[in-house]
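Visitor: Need a 3D model of the sequence below.
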Amino acid sequence: MPTSFKVFSLGQLPIWDPQEGNTTLQQSAVTNSLGTYGSSEAPLFRDIKNFDPAGNGFGGGSATSYDIDNNSSNDQFSIDGGPTQTFDAIMVFNAVITYKDGTTATITANVMQDVNGNSYWVPETIENADQEAINAQAIRSLELVSPIYANNNAGQGYNMAADRADSDPLCFTRGTCIACPSGPRMIEHIAEGDQVMTMDHGIQTVRWIGRRTYAAVGRLAPIKIKAGTLNAIVDIEVSPQHRILLQGPEAELLFGTSEVLVPAKHLVNDDTITVRRGGEVEYIHLLFDHHEIIWADGVAAETLFLGETGKRALDAEQLKELHTIFPELSDLKASTMKTARLVVKGYETAALIAANSDNQTSAPIAQAI
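Guide: Alright, predicted model coming up:
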């Protein structure tokens, strides 16, 4: 198991160990830390950090742990490669996870803090049921319900094992929420036959769903759209060829229509829209009777279009299944499906962005509706 792992930042809590050099925590400070961390407006999946040994590292006292209360040594770490922080204590809590879709899971959570009270929810030491809950879905919040002291001895803390489970909390791609009649639903929870809100045809039924997982490298690395960009309410990821709906007077001037579809890869600006490389990504395709515009965490984006690009996004088994459900589409080139909006090419997108830059009084072309 790794000594570098992902953690959730919970902010600055009351300092559990104001007196160094022992293994005892201040119970009132622990009790005052109970409560809920994260919310719909500020979900925890947006506060995932990288934890690494730094400075003295661990093992100054116990060879495999960060020592509680600095009773043996000042063990140290860093968050996201930042300044060295000194470990102070870790506590276990009865806790409740609330996922992005509103469902919950009851777990025991391990929360550690440095000497200044900066606190982080860390992974489990083994791949157990609690770790499965951490990795199950995008997490909105964590409620710390009650403390669990070491050996049932009130005030007794723990050392923090340095090797921990390889945590990979889900977010954005699989956690993307799609606008549905009953409210937002995570895309991985949508099934064939479910209904989704569309821009052009109101409530429509999902006819087919496809999934493929890739290494997030090269031309398959996802495009990350930062919260606040294109109306995104959280950071989201889409495939490079996934087309986003843009609108503005410049589009009307250049193309004779105020709304156009642009592949996400042509919107990359290395600031608010970037390429995320490394790890894996699961792309999920939704097919309707028509090519539709739907809302994904606030961003207006297309559904699967059965053209050549759409065909290449599916593997042989998915194509076979699709042909079974839609025998009239056995030859995808013969499909009568039409794009929901005019599709803009790369060089046309560049002209569109340039036109917007030259006309600062106009509404920004990179505005989703």
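
Visitor: From now on I want contacts and neighbour counts done on CA atoms only, so please keep to that.
Guide: OK.

Visitor: Helices of the stretch 151-300 of the chain, start to end?
Guide: Using DSSP state H, counting those that start in this stretch, the helices of the stretch 151-300 of the chain run over residues 249-255.

Visitor: in it, which ranges drop under the pLDDT threshold?
Guide: For the stretch 151-300 of the chain, the stretches with pLDDT under 70 are 166-173, 250-254.

Visitor: all strands for the stretch 101-250 of the chain, in order.
Guide: Assigned by DSSP state E, counting those that start in this stretch, the stretch 101-250 of the chain shows strands spanning 104-114, 118-122, 139-148, 160-161, 177-178, 185-186, 195-198, 202-205, 208-215, 223-225, 236-238, 243-247.

Visitor: Quick one: closest of those strands to T31.
Guide: strand 139-148 (7.4 Å; C-alpha to C-alpha).

Visitor: So which residues make contact with that closest one?
Guide: 30-31, 33-40, 42-45, 91-100, 109, 169-171 (C-alpha atoms under 8 Å, 6 or more residues apart in numbering).

Visitor: D200 and I293 touch, don't they?
Guide: Yes - assessed by C-alpha atoms under 8 Å, D200 is found in contact with I293 at 7.0 Å.

Visitor: Compare the two (neighbour count), which wins?
Guide: Using other C-alpha atoms under 10 Å as the criterion, D200 and I293 rank with I293 on top: 24 against 13.

Visitor: So what pairs up with that one in the strands?
Guide: When bridges are taken as DSSP bridges, the partners of I293 come out as E302.

Visitor: which residues touch it?
Guide: Shown in contact with I293 (C-alpha under 8 Å, 6+ apart): T198, M199, D200, L245, A300, A301, E302, T303, A340.

Visitor: With V196 instead?
Guide: I178, A179, C180, P181, I203, Q204, T205, V206, I294.

Visitor: Give me the nearest residue to it, chain neighbours excluded.
Guide: Here the nearest residue to V196 in space, its sequence neighbours aside, is C180; by C-alpha to C-alpha, 6 or more residues apart in numbering that works out to 4.3 Å.

Visitor: Buried members of the contacts of V196 into ChimeraX, please.
Guide: To isolate the buried ones among the contacts of V196 in ChimeraX, judged by 16 or more other C-alpha atoms under 10 Å, type:
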select :178,179,180,204,205,206,294
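
Visitor: Name the nearest of the contacts of V196 relative to I187.
Guide: Distances from I187 to the contacts of V196, taken by C-alpha to C-alpha, are shortest for I178, at 6.0 Å.

Visitor: The closest one - nearest residue in space that isn't next to it in sequence?
Guide: Nearest-residue entry for I178: A296, 4.7 Å, with adjacent residues in sequence omitted and distances by C-alpha to C-alpha, 6+ apart.

Visitor: so how far is V299 from A42?
Guide: Going from A42 to V299 by C-alpha to C-alpha, to the nearest Å gives 18 Å.

Visitor: These two: which is more packed in?
Guide: For A42 versus V299, the count of surrounding residues by other C-alpha under 10 Å is larger for V299: 26 against 13.

Visitor: The more buried one is in contact with D235, isn't it?
Guide: No - at 10.3 Å, V299 does not count as touching D235 under the criterion of C-alpha under 8 Å.

Visitor: Tell me the buried residues within the contacts of strand 139-148.
Guide: Buried by 16+ other C-alpha under 10 Å: 30, 33-34, 36-38, 43-45, 91-100, 109, 169, 171, out of the contacts of strand 139-148.

Visitor: Can you flag which of those belong to strands?
Guide: Among these, the members found in strands (DSSP state E) are T36, Y37, M91, V92, F93, N94, A95, V96, I97, T98, Y99, A109.

Visitor: Quick check: nearest residue in space to the third one, chain neighbours excluded?
Guide: Pointing back at M91 there. In this structure, M91 finds its nearest non-sequential neighbour in V111, 5.4 Å apart by C-alpha to C-alpha, 6+ apart.

Visitor: does V92 have beta-bridge partners, and which?
Guide: When bridges are called by DSSP bridges, V92 pairs up with N110, I148.

Visitor: Now do it, the pLDDT please.
Guide: Note on V92: pLDDT of 95.

Visitor: ok, V92 to N152 distance?
Guide: Applying C-alpha to C-alpha, the value for V92 to N152 is 11 Å.

Visitor: Same question for A129.
Guide: 22 Å.

Visitor: so who does L261 touch?
Guide: L261 makes contact with R243, I244, L245, L246, E302, R341, L342, V343, V344 under the criterion C-alpha under 8 Å, 6+ apart.

Visitor: beta partners for it?
Guide: For L261, the beta-bridge partners are L245, V343 (DSSP bridges).

Visitor: can you tell me which two in the contacts of L261 are farthest apart?
Guide: Among those, the pair separated by the greatest distance (C-alpha to C-alpha) is E302 and V344, at 13.2 Å.

Visitor: Compare these two and say which is more crowded by neighbours.
Guide: Shown here are E302 and V344; by other C-alpha under 10 Å, E302 has more neighbours (25 against 18).

Visitor: residue contacts, that one?
Guide: Listed by C-alpha under 8 Å, 6+ apart, the contact set of E302 reads H242, R243, I244, L245, L261, H291, E292, I293, I294, A340.

Visitor: could you redo those as JSON lines and give each row distance to A54?
Guide: Listed next are the contacts of E302 as JSON lines, based on distance: C-alpha to C-alpha, whole Å:
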{"residue": "H242", "distance to A54": "40"}
{"residue": "R243", "distance to A54": "42"}
{"residue": "I244", "distance to A54": "42"}
{"residue": "L245", "distance to A54": "45"}
{"residue": "L261", "distance to A54": "46"}
{"residue": "H291", "distance to A54": "51"}
{"residue": "E292", "distance to A54": "50"}
{"residue": "I293", "distance to A54": "47"}
{"residue": "I294", "distance to A54": "45"}
{"residue": "A340", "distance to A54": "52"}
